[in-house]
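Chemist: model this:
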Amino acid sequence: MKNNLIITLLCFVSFQVSLWAQQNSDINVWVKEYEGRIKSVTESRQKQKPNFQTDLQFSKPDYVVFVPEIEPEKLGDMYNDHFQVFDKPNGKLFAIWCQASIEGAPDQHVAFSRSLDKGKTWEKPHVLAGNKTVAEGIANNGAIASWAFPMVSKSGRIYVLYNQFVPGKVSTNRQHTGIMLGIYSDDDGETWTKPEEIIMPRTSNDGTDTTIPPEWVVWQKPTRVGKNGNYLVGVSRYVHPSFHSKYRTVTEFIHFDNIDQDPPVKNLVVRWVMTNDKVLHSGVHCEEPAIVKLPDGRLFVVMRSGTGSPLWSISNDDGETWATPKPLLIKDGGDPISHPMSPCPIYDWKGNEAGSGLYFLMAHNRYDKWNPNPWQNRGPLYLFAGRYQKDAEQPVWFDGPKKFIERKSGNSFYTSTTQLDGKTVLWYNDQKFYLLGRVIGENFFDGQPDTELYKPDTEIDLSSYSPKKHADGQPIRLGTSPKLELKNGDQQGIFKQGEKIFKNRNYTVVQCPKELNGKKFVRSDIESTEVVCRENGIIYILTPLKDRNQDSVTETLLKLGFEKVAQPETLLFNRVPDAIVTLYQKEVKDGETIKLGKWSLLVY
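Modeler: Coordinates of the predicted model:
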């Protein structure tokens, strides 16, 4: 258990890279950002190495593709992500993935491996693009390669396309900013051609500096669900910072129209659709699209968002155009599937292009909507079995969640599927560390969920924020309410759930102490509240402590003679931890003036 926790924490730490460092194009700044963290993670992983074989069994895998060897002077291999396994009719299995010492390090590269015995054993990986070691990355000025994806032509040629970072050219993130390069192999990966560039069209969501490449990631394998059986894939496009007031990520699509003609990479016909003002978007984030084919021939896509649930869209014309995204529900009229900013792929249980009507979705069945950070703890991962519904608005309805992996965090799965001996295998990256495979069996489709569907609208969980109990406070005093003269056009409200709190903000009451429920409160601007007491009585003030929010009036309250009440903190409105408040009280006298700054709520 201790090792599980350490590994999970390391995965979290390796993910936490400052935005400033990711935007900086100076290789010296880059190296300084990473060198200490790489050293620390390497030392910890080497200590854990004797327990790897035990720890990797936590998710009950049927196949083990790769376990890091932790020899950074030979190969940076502690970060393994974007795991795409594919096959050929000759029975061989192939895997490509993004690998590095830690995510975003100067040794980030595209790794490749093969299995000749249906996944039982795998070759040691070799590097197709990018840098094997940090030293090599420094020598190459940080020319990392990331997010590769495969396609196999009908003749058997394997194409691999990837994002190549151009040193010195960064938009908002080095890992995502890059040109599209490609290579191919005609001998099952024994040899590869030299890279060639595929020119990417610029869009209205890119910056005006044309020397800086777009920011983009293809995170799933292209599948043959496009027009005439051509390859189609969704793309996450990271928009230029000048558009961040509108959105940060959007979804576009790529059609590959001539793969089966076996052209050189530079002559691939790569056709982008749903670009510019036609992109799929909803709120700040709409990204990481995963496409499945429906039995009626339409295409169904699921994307992650920052709104608390995945999004879905539909195409009636082989992926040429797509409908406006909507929140993914358990069924028409049902509850949304709760999910943070984390991968949420959907797959056809019978094969990537089968259109079988049986699907499975990976999601966390959890979202703390009171936490303003969408990249919150992802928690255990669940599988939702889905079934096609012919006449429904949302054409795939889901059973309740079944547990897939119960690690408390670190479950960020960038996955793929293949059919192997008539069974569907999900290939996944446990903790972005081990590369594993697991058969998705009939037990996941028995219609018997083993976990309740999470409903964020009826649950408020502050346990992870350790609300203070305030045992050192005074008992609440339930005396007479005073008469107050309100100032500055302030309004009287009734303190209860759902009430608007401030005149100049749209925050509404989430929780209120039961003793205060139904009392009157002063609805003022958030910046100031002023009243004159016209009769003796008890006034209550709710405000955050300084360690919750710098905009606290606790010091003023104590100077005015207010006392802290022995009641646990509550969440006044949906901002965590900023709106976790403490209750104060005072018996005021006729003629007394109470004037407070930002911010508090006066109840009486």
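
Chemist: now residue 272: how far from residue 220?
Modeler: 16 Å (C-beta to C-beta, to the nearest Å). (C-beta placed from N, C-alpha, C; glycine too.)

Chemist: Between the two, which has more neighbouring residues?
Modeler: residue 220 (25 against 15; other C-beta atoms under 10 Å).

Chemist: wait, what's in contact with the closest residue to that one other than its chain neighbours?
Modeler: Leaving out its chain neighbours, the residue that sits closest to residue 220 by C-beta to C-beta, 6 or more residues apart in numbering is residue 290, at 5.1 Å. Counting by C-beta atoms under 8 Å, 6 or more residues apart in numbering, residue 290 touches 220, 234, 301, 302, 303, 344, 345, 346, 347.

Chemist: what does residue 286 give?
Modeler: Counted by C-beta under 8 Å, 6+ apart, residue 286 has contacts 247, 249, 250, 251, 279, 280, 303, 305, 311, 325.

Chemist: quick one: which of these is nearest to residue 399?
Modeler: residue 311 (19.9 Å; C-beta to C-beta).

Chemist: How about the closest one: what's its closest non-neighbour residue?
Modeler: residue 325 (4.0 Å).

Chemist: so what's that neighbour up against?
Modeler: Counted by C-beta under 8 Å, 6+ apart, residue 325 has contacts 251, 280, 281, 282, 286, 303, 305, 311, 312, 313.

Chemist: what bridges to the second one?
Modeler: Taking DSSP bridges, one obtains residue 251 as the residues bridged to residue 280.

Chemist: Quick check: pLDDT value at the residue nearest to residue 311.
Modeler: According to the prediction, residue 325 has pLDDT 97.

Chemist: which of the contacts of residue 325 lies closest to residue 480?
Modeler: Nearest to residue 480 among the contacts of residue 325, with distances taken as C-beta to C-beta, is residue 305, at 49.3 Å.

Chemist: ok, the closest one touching residue 311?
Modeler: Yes. Using C-beta atoms under 8 Å, residue 305 is in contact with residue 311, at 5.0 Å.

Chemist: what sits in contact with each of those two?
Modeler: Listed as contacting both residue 305 and residue 311 by C-beta under 8 Å, 6+ apart are 282, 286, 325.

Chemist: Those into JSON lines, with extra columns for distance to residue 114 and secondary structure?
Modeler: Output for the shared contacts of residue 305 and residue 311, formatted as JSON lines (distance: C-beta to C-beta, whole Å; DSSP: H, G, I helix; E, B strand; the rest coil):
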{"residue": "282", "distance to residue 114": "39", "secondary structure": "coil"}
{"residue": "286", "distance to residue 114": "35", "secondary structure": "strand"}
{"residue": "325", "distance to residue 114": "37", "secondary structure": "coil"}
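
Chemist: How far away from the center of its chain is whatever helix or strand residue 53 lives in?
Modeler: Per DSSP states H and E, residue 53 falls inside helix 52-55. On the basis of C-alpha atoms, centre = their mean, to the nearest Å, the separation between the geometric centre of helix 52-55 and that of its chain is 26 Å.

Chemist: buried stuff in it?
Modeler: For helix 52-55, a neighbour-count test (16 or more other C-beta atoms under 10 Å) marks 52, 55 as buried.

Chemist: Which strands or helices does it pack on?
Modeler: Other helices and strands packing on helix 52-55, by 3 or more C-beta pairs under 8 Å, 6 or more residues apart in numbering; DSSP states H and E, are helix 2-15.

Chemist: tell me the average confidence for the helix it packs on?
Modeler: Rounded mean pLDDT across helix 2-15 is 42.

Chemist: State which helix of the chain is the longest.
Modeler: helix 27-48 (DSSP state H).

Chemist: Tell me the buried residues in that one?
Modeler: 27, 30, 31, 33, 34, 37, 38, 41, 42, 44, 45, 48.

Chemist: Over to stretch 108-123?
Modeler: 108, 109, 110, 111, 112, 113, 114, 115, 119, 122.

Chemist: And stretch 139-150, by the same measure?
Modeler: Neighbour-count burial for stretch 139-150 [16+ other C-beta under 10 Å]: 142, 143, 144, 145, 146, 147, 148, 149, 150.

Chemist: want to throw the buried residues of stretch 108-123 into JSON lines with secondary structure and pLDDT?
Modeler: Below are the buried residues of stretch 108-123 laid out as JSON lines (DSSP: H, G, I helix; E, B strand; the rest coil; pLDDT from 0 to 100):
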{"residue": "108", "secondary structure": "coil", "pLDDT": "97"}
{"residue": "109", "secondary structure": "strand", "pLDDT": "98"}
{"residue": "110", "secondary structure": "strand", "pLDDT": "98"}
{"residue": "111", "secondary structure": "strand", "pLDDT": "98"}
{"residue": "112", "secondary structure": "strand", "pLDDT": "98"}
{"residue": "113", "secondary structure": "strand", "pLDDT": "98"}
{"residue": "114", "secondary structure": "strand", "pLDDT": "98"}
{"residue": "115", "secondary structure": "strand", "pLDDT": "98"}
{"residue": "119", "secondary structure": "coil", "pLDDT": "97"}
{"residue": "122", "secondary structure": "coil", "pLDDT": "98"}
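
Chemist: Quick one: classify residue 575 as helix, strand or coil.
Modeler: coil (DSSP: H, G, I helix; E, B strand; the rest coil).

Chemist: My read is that it contacts residue 507, right?
Modeler: Yes. In this structure, residue 575 is within contact of residue 507 by C-beta under 8 Å, at 7.5 Å.
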